[in-house]
Structure formats: C-alpha cells, structure tokens
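> need a 3D model of the following:
(chains A and B)
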Amino acid sequence: MQKATIQLETLSCPSCLQKIENAVKGINGVNQDSLKVMFNASKVKVDFDSEAVAINDIEKAIEDLGYPVVKSKVKPA
Amino acid sequence: MQRYILSKKNSITLIGAILIALAFFGRFSLDNMAIFNWSLIIASILGVAPIAIQAFQALKVKVVSIDVLVTIAVIGAVLIQNYEESAIVTFLFLFGSYLEQRTLNKTRSAIKELTELAPESALKQMENGEFEEVDVDDVDEGDILLVKTGAKVPVDGTVLTGEGHINEASITGESLPVSKKVDSEVFAGSILENGTIQIRADRVGEDTTFGRIIELVEEAQDSKSEAERFIDRFSKYYTPAVLVLGFIVWLFSKDIELAITILVLGCPGALVIGVPVSNVAGIGNGARNGVLLKGSEVINDFSRVDTIVFDKTGTLTVGNPEVAEKEFYGNNTEEILGYLASVERESDHPLAKAVLQDIGETTFYTVEETEVVKGGGIVAKIGVHRIAVGNVALMEKENVKLSEKAKKDVERFEKNGNSLVLTAVDGELNVLMGIRDQIRPGVKKDLQNLKKLGVKNLVVLSGDNQGTVDLVARELGLTEAHGHMLPEGKSAYIEKMQAEGGIIAFVGDGVNDSPSLALADIGIAMGSGTDVAIETSDVVLMNSDFSRLPHALGLTKSTSRNMKQNITIAVGVVLVLLASLLFSEWMNMSIGMLVHEASILVVILNGMRLLRYRLRG
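Prediction:
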C-alpha cells in the first residue's frame, strides 16, 4: 500500500468534495476507508495499491472533474 | 474544451454582466426588444456553460449537486422564453461563486501564512563535497546541509560546525533569537539570523516538529463535528429531494415557472459552507496566537468547560523560590551575611540558591567541618565560630534560644507560606529569612478572565505540600487545592469530577500526566510543542504561555457561537424563501438566487470576524 497526498488548487464549494470522493472511490485499487478529501486544506489523502493503480490515474480522475492537481506526494504506508 | 470553459469562468461572468447591462440599455433607452432578447439569450447560454459542465461531471459520479439544480432551472427558463430570469440567475450564481472563492481565501489566510513558513529548498552536500541547492523533499536523514545567514533551517537537525543565532518563533512562539553552537538542536522552519552553520539532518519533511504542527493544524481545520457530519449526510439527500419536489410540482401544476423557481430557492448554499468557514477561521486565529486547537469537536467541548484543573503549582508560579521576607537580630549583619553565603555556597539545595541570590556580592570565608543535618540544615565552622543554617528544628537541636520577637516573626513568616532559613552564630540567632515561590506575573488576571468566561471551578492538584498549595490557592482565588498528589491520584480525581457531571479541562506539561491529559474532556498541553503532549492533548499552548489559556477559551466560545449563528442564518434563509414563494407575489428565481448568494457571503463574512477575535478586558 502506498499513501498519496494530493494538493489541489483551492476548493471553494463543499459539494466538490462529494464529487471528488465518489470519483476516487470508484477507482480500482484505492482503499476506500482511507480516503480523506480536505476542504479547507484543498488536499486529497488516500492509500492505494500501486500494483493495481498508478498515482497518475488517481490524479487524472480528479482533473477530469475540473480540479487541477498542483502536486502530489507518494510515500510507503 | 471543458477545462478551457471552466478556466474562463471569471471572464464569462464579466461578459454576462456587460450583456445584461446592454440588454436593459437596449430596452429602456433604445426601445429595442431584439437587442434586449438576444443579449440575454447569449448571456444565458454563455453563463450556463460552465455550470452545466460541472453539473454533468457531478452526475457522472452520481452526485446531484447545486449545479444540477441551477442548470435545469436555467434551461427551463429559456424554454418558457423568460430570458431575463435565465440570464440574471446564471450571472448571480457565477458572480456569487467568484465572491465566495475570494472571501473563503481570506478565512483560510491565517493557516496559509503558517504553511507558507515551511522551508522549500536546502543546500545539500553532494558526493564531490560541494553544496548544491535541492528541493527540501530530496533531503534524507543523515544528509549534511549548509545554512547561511537569513536562510530557513530546512529540517530538524544537529549543528556540526559553526555557530549563530536562530529565531525559533515559528516553533515556540518566542521571538528572541536563541544562540546555537556545535551539538545544538535546530528546528525546521526557524530562521538563522546571523552566522553560518552546517547541520546533519535528523528528521525531515512531515516528521519534523514544524511538519507535525502543520499537519495537526491542517487536519484540525477539516475535522468534522457530529453536527457537521449530520449536515453533510442531510445535504446528500436534500439536494436530490429538491429536484424531486420541483418535478412533482411541475407534474401536478404544469407550471414550469413555479417548478424551476423551487429548484433555485431550494439550493442548500449557506448550510454546507457555514460551519467549515467558522471552523477554519477559529483554528486559524488560534494558530496565529500560539494556540493549536485540534478540530471542531474540541472547539465545541472546550467552549462548555466548567472546571479547569492545573497539574502543579509550578504552572501558576515561577517555579523559582525567592527570599520574600527577612529579619535581622543583633549587630555585625554584614559579616554574618558573609558567613551565611559562604556556608550556603557549598549546598545545591533550592533554598540555598535563593539565599545566595538575595545576598548578592559579599566577602566569602573559608568553611571547615561542614556537616549536613538531614531534615534540618547545615552546621559548619568558620574560624572559631560555629555556624548553624537551617530550620527551627535545627535551632532547637543546637540549643539556640529564640527571643519573644523572633518567635512571633517565625510564626508570621510561616503563616505567609514561607519556608524558613534561620542562621545562628555561636548559639545566637542572627538572621531569619522567609523564602517562597512567586506567582507568575499576570496569572491572577488570566484566572479572573477564565472566571469571567464562565469557568466555575479552578482546581490545582499538586505534588507539593498542602501548606504551599493552600497559599497559592488563597492568593489566586482558586476554588480547590490539593497537595501531596501523585499522577494516579490526579486521574482518579478527574474521574470523580466527571462522574459528578463536570466538564473538565486538564492543563499539564504532559511529561508524567499523559493519563490525565487523555482522560479529561479537554487535555491542554503547555509545552514548546516538541513533546508527546502534542499527540495526547486536544489543545496545545505553544511556548508554555499561560496567558494564551483565556484567549483559547474565549476563542472556542466565540467560534462555537459563530457556527450556531451560521446554521441559523442558513436554515432561516431557506425557510423564509420557501414561505415567501407560497405566500407572496414578488418571489421569483432572480430574487431567490440573489438572497441565496447573499446569505452565503453573510456566513463567510460572519466567520471571518473570528480571525480578528481578541479577548476583551
């Protein structure tokens, strides 16, 4: 399991959270319980299985919703 | 294409405003209905594009968002050829979210200031021995780094060579520079004010003290209370419910206008944003003022605290005993003070230190045959004189007779809570000193402020003897004071108070009080922020600054009140809008959207007030 911290551009609507949550949860290989979308910090924290899914796929899922990723960090969990 | 439209949202808003202005100019000044209609149609289509894209993306991941409601309403308005409504509603919605974003950034500014203090680059020693600038993420434990004057220390580490002064305000809140030399510890985020040092990286990134503080504050600002989680669950079903309601109304009344008006009026707007806004502003104010609050649950609990328990007298006193009162008997005072200082110089007892400090400069004599009397004091010889320094018991043992006046002085000193040091030369009492710990400056006022804020019980649980504890309690007006307490006794006491229905905050340094910190409803750690206390406690007062405590309590009370105000505003607005739709003639989509966007701004501005919160009085 890898732990990703993804910094997004400033989030301004709380309903964005639900969208991002549902989108990331729908990806295969992410640990749904670990997912945290932080509204004020504009960050997404999630554990994922690097063999099943790449960090780029998670980033892409979020960017496709219209929320640009500023940078992301991956650490072994 | 989608992303391009979204990135041009602000320009679209501006164009929408111009088109709407042009439309009304065309209609009322030129009397030209074509200009009026076409301007509004273009404004509606342009304006609805970004909203519709967001709505579509939301639906793709099975979320009925506000965007969905607004998009349907606008399309509905265009279909019934009410271009005026459709254009104005899209404009207000876009302009509102623009203002929302701007003001939200303001409420988050305090925490942003903190995170921006994080170091970004470091000068790292490469394999060839040269130092090169690298991103701070590329520094590993054990790397050798160079820090120059004016630069930020990039990691927690140990000084290998060089020396200098470092400003550690970002970690401890203390703005006086601290001197560092070889083997000193340095902290990430502090600033080297002068000198040049080389350091070895011991902890990097999120493991540094600064990294942990930032992580803690970031987690706190997004933590949710029970009430907030309820609102989240509620709004998940609320928005689709509004959609269904609008559809049912249309089905039965066949009145599209009424149906789409319901969609706009039902937007949950201010409700979902009100509480997070108060939360982030309150925690931000704390972070700026040396108070770390761990989340909104902590804010709610702390604001209701009725009992504050202090872990030791040392929290309230300077912890540095001083001579408070003294009496001299007989002559030769100068010479005898010299004897006293010479004897005390050999001791490392805290009372001896206080005595020496009080005497200051004097003539020292050679001391012989020093004998320490357990539980009494010291007996020694200087030249032909026998000197006894100690308590009343020692004097009795040495057969020193106390005069009537001396006996009265002893009694008075003891009553004032002093520890006594008597000095006798050759069986005659010469000096009586009363030594006691001083109350920290300002503590009395801070405690009064806590009482004003509604704290009923101020309790000290101390390991000191009951006499000392009682004295501090009396001087400060504490409600309860218990001495001779062990850590187990303290946690048992807290459990008892909780069983009696009290809401307890426990203030400690966290060294041996972790059980009490964890057990209390609110654990408050006073520490430089480097200890385990950060982990176990709910509130951290940086730099052990006692005066932060009333600020912290006042802030949580204001923040908690602010959240309730915001919920009231949000719910009130929806109720009033729906009621006026039923009972009044003037309600329509545009007014509804205007009121909604206004209410969102009102709750954000209300939250922003917390950034400026300061304790009065």
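
> what does chain A put close to chain B?
Within chain A, the positions near chain B by C-beta under 8 Å from any C-beta of the partner chain are A:10, A:12-15, A:18-19, A:22-23, A:26, A:36, A:38-41, A:43, A:64-66, A:73. Glycine gets a C-beta too; all of them are placed from N, C-alpha and C.

> the same query, at a cut-off of 6 Å, please.
Taking C-beta under 6 Å from any C-beta of the partner chain as the criterion, chain A approaches chain B at residues A:12, A:14-15, A:18-19, A:22-23, A:38-41, A:65-66.

> helices along the stretch 251-400 of chain B, start to end?
Defined through DSSP state H, counting those that start in this stretch, the helices belonging to the stretch 251-400 of chain B, from first to last, are B:256-265, B:269-288, B:296-303, B:313-316, B:333-344, B:350-359, B:392-397.

> which of the residues of chain A next to chain B has the most neighbours?
residue A:41 (27 neighbours; other C-beta atoms under 10 Å in any protein chain shown).

> that one against residue B:218, yeah?
Yes. When contacts are counted by C-beta atoms under 6 Å, residue A:41 is listed as touching residue B:218 (4.5 Å).

> show me where pLDDT drops low in chain A?
Per-residue confidence of chain A (counting by pLDDT under 70) places the weak regions at A:14, A:77.

> now the strands for it?
Taking DSSP state E to define them, one finds strands in chain A at A:2-8, A:36-38, A:43-48, A:69-76.

> what about the third one, distance to the chain center?
Chain-centre distance of strand A:43-48: 5 Å, with C-alpha atoms, centre = their mean, to the nearest Å.

> for residue B:327, which of the strands of chain A is the nearest?
In this view, those are compared for proximity to residue B:327 by C-beta to C-beta, and strand A:36-38 is the closest at 65.0 Å.

> what's that closest one packed up against?
Using 3 or more C-beta pairs under 6 Å, 6 or more residues apart in numbering or on different chains; DSSP states H and E as the contact test, the elements touching strand A:36-38 are helix A:14-25.

> can you rerun that using 8 Å?
For strand A:36-38, the contact count by 3 or more C-beta pairs under 8 Å, 6 or more residues apart in numbering or on different chains; DSSP states H and E identifies helix A:14-25, strand A:43-48, helix B:209-221 as packing neighbours.

> among these, which is nearest residue B:49?
When the helices and strands packed on strand A:36-38 are ranked by proximity to residue B:49, the top entry is helix A:14-25, at 18.1 Å, counting by C-beta to C-beta.

> quick one: list the elements packing against that closest one.
Helix A:14-25 makes packing contacts with strand A:36-38, strand A:43-48, helix A:55-64, helix B:33-60, helix B:226-253, helix B:269-288 when contacts are defined by 3+ C-beta pairs under 8 Å, 6+ apart.

> now with 6 Å?
The helices and strands touching helix A:14-25, judged by 3+ C-beta pairs under 6 Å, 6+ apart, are strand A:36-38.

> for residue B:96, see how far away the residue in the stretch 451-600 of chain B that chain A sits nearest to is.
Nearest to chain A in the stretch 451-600 of chain B, going by C-beta to the nearest C-beta, is residue B:600, at a distance of 9.9 Å. Here the criterion is C-beta to C-beta, to the nearest Å. By it, residue B:600 lies 6 Å from residue B:96.

> which one's more surrounded, those two?
Of the pair residue B:600 and residue B:96, residue B:600 is the one with more neighbours under other C-beta under 10 Å, namely 28 against 20.

> residue B:272 is in contact with the more buried one, correct?
No. Contact criterion C-beta under 6 Å: residue B:600 and residue B:272 do not qualify, at 9.6 Å.

> count the residues that sit near residue 74.
Just so you know, I chose chain A. Using other C-beta under 10 Å, the number of residues around residue A:74 comes to 15.

> hm, I was asking about chain B
Here the count is done by other C-beta under 10 Å, and residue B:74 has 26 residues near it.

> that one and residue B:85 touch, don't they?
No. In this structure residue B:74 lies outside contact range of residue B:85 using C-beta under 6 Å: 8.4 Å.

> tell me the one among the residues of chain A next to chain B nearest to residue B:310.
Taking C-beta to C-beta as the measure, residue B:310 lies nearest residue A:40 of the residues of chain A next to chain B, at 32.9 Å.

> would you mind writing the CA trace of stretch B:75-93 as PDB?
Taking Å, rounded to 0.1, in the frame of the first residue of the first chain, the C-alpha atoms of stretch B:75-93 are listed here in PDB:
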ATOM      1  CA  ILE B  75     -32.800  25.600 -19.200                       C
ATOM      2  CA  GLY B  76     -36.400  25.600 -18.100                       C
ATOM      3  CA  ALA B  77     -36.400  29.400 -18.000                       C
ATOM      4  CA  VAL B  78     -35.100  29.600 -21.600                       C
ATOM      5  CA  LEU B  79     -37.700  27.100 -22.800                       C
ATOM      6  CA  ILE B  80     -40.500  29.300 -21.400                       C
ATOM      7  CA  GLN B  81     -38.700  32.300 -23.000                       C
ATOM      8  CA  ASN B  82     -38.100  34.000 -19.700                       C
ATOM      9  CA  TYR B  83     -34.600  35.200 -20.900                       C
ATOM     10  CA  GLU B  84     -34.400  37.900 -18.200                       C
ATOM     11  CA  GLU B  85     -34.600  35.300 -15.400                       C
ATOM     12  CA  SER B  86     -32.200  32.900 -17.000                       C
ATOM     13  CA  ALA B  87     -29.500  35.500 -17.700                       C
ATOM     14  CA  ILE B  88     -29.700  37.100 -14.300                       C
ATOM     15  CA  VAL B  89     -29.800  33.700 -12.400                       C
ATOM     16  CA  THR B  90     -26.700  32.400 -14.200                       C
ATOM     17  CA  PHE B  91     -24.900  35.700 -13.700                       C
ATOM     18  CA  LEU B  92     -25.700  35.800 -10.000                       C
ATOM     19  CA  PHE B  93     -24.600  32.200  -9.500                       C
END
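
> residue B:224 belongs to a helix, doesn't it?
No. Counting by DSSP: H, G, I helix; E, B strand; the rest coil, one finds residue B:224 to be coil, located in no helix.

> gap between it and chain A?
Here the criterion is C-beta to the nearest C-beta, to the nearest Å. By it, residue B:224 lies 10 Å from chain A.

> residues contacting that residue?
Residues near residue B:224 by C-beta atoms under 6 Å, 6 or more residues apart in numbering or on different chains: none.

> check it and give its pLDDT.
Predicted confidence (pLDDT) at residue B:224: the value is 74.

> what's stretch B:594-603 in contact with?
The contact list for stretch B:594-603 (C-beta under 6 Å, 6+ apart) reads B:92, B:96, B:99, B:100, B:267, B:269, B:270, B:274, B:566, B:569, B:573.

> pick out the lowest-pLDDT one from those residues.
Ranking these by pLDDT, residue B:269 lands last with 71.

> picking up where we left off before, helix, strand or coil: sort out the residue of the stretch 451-600 of chain B closest to chain A for me.
Judged by three-state DSSP, the three-state class of residue B:600 is helix.

> ok, the closest residue to residue A:32 other than its chain neighbours - how many residues close by?
Of all residues not flanking residue A:32 in the chain, residue A:25 sits nearest, at 5.1 Å (C-beta to C-beta, 6 or more residues apart in numbering or on different chains). By the criterion of other C-beta under 10 Å, residue A:25 has 15 neighbours.

> right, I'll call it a day here.
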